[in-house]
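heads up, no residue letters with this:
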């Protein structure tokens, strides 16, 4: 079993920054592919970023604004979000994939956190 706990969400003005954290327990995040997804009201869950070893992958709409990173010693994955826009408003989830790495598909992730709300005001 893997438990994931996100934190760092909140309310920020457009153009601002937030850093989300996802602490894992039960298995090492370094032995997996970790992803960030988001879901806005009435919309499907969509891919934001993923990291496996030293390789990162990003959704097209966050490329250049968001950065995913990992601290193996803390078993934690981060999502640094800069130049935030109102359309970035959503619940952000981290996810753990044991076998399929850097996937953009939610169904290929095995464990999920409870989510953290990010709200960007205009």
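Done, it's in. Predicted model only: the values in this text are computed from it and were never measured.

what pLDDT, on average, does the helix or strand where residue 24 lies get?
Element membership for residue 24 (DSSP states H and E) is strand 18-25. Averaging pLDDT along strand 18-25 yields 96.

Kindly report the same for stretch 111-121.
Mean pLDDT, stretch 111-121: 97.

Would you state the helices of the protein in chain order?
With DSSP state H, there are no helices along the chain.

in its sheet, what does the strand holding residue 24 sit against?
Sheet partners assigned to strand 18-25 using DSSP bridges are listed as strand 3-7 (antiparallel), strand 76-81 (antiparallel).

Determine which of the ones you listed approaches residue 31 most closely.
With Cβ to Cβ as the measure, strand 76-81 is the member of the strands paired with strand 18-25 nearest residue 31 (12.6 Å). Backbone N, C-alpha and C define where each C-beta goes, glycine included.

Now do the contacts for the nearest residue to residue 4 once chain neighbours are set aside.
The spatially closest residue to residue 4, leaving aside those adjacent along the chain, is residue 113, at 3.6 Å (Cβ to Cβ, 6 or more residues apart in numbering). Residues near residue 113 by Cβ atoms under 8 Å, 6 or more residues apart in numbering: 4, 5, 6, 22, 93, 94, 95.

who wins for neighbours among the residues you listed?
Neighbour counts for those (other Cβ atoms under 10 Å) peak at residue 94, which has 31 neighbours.
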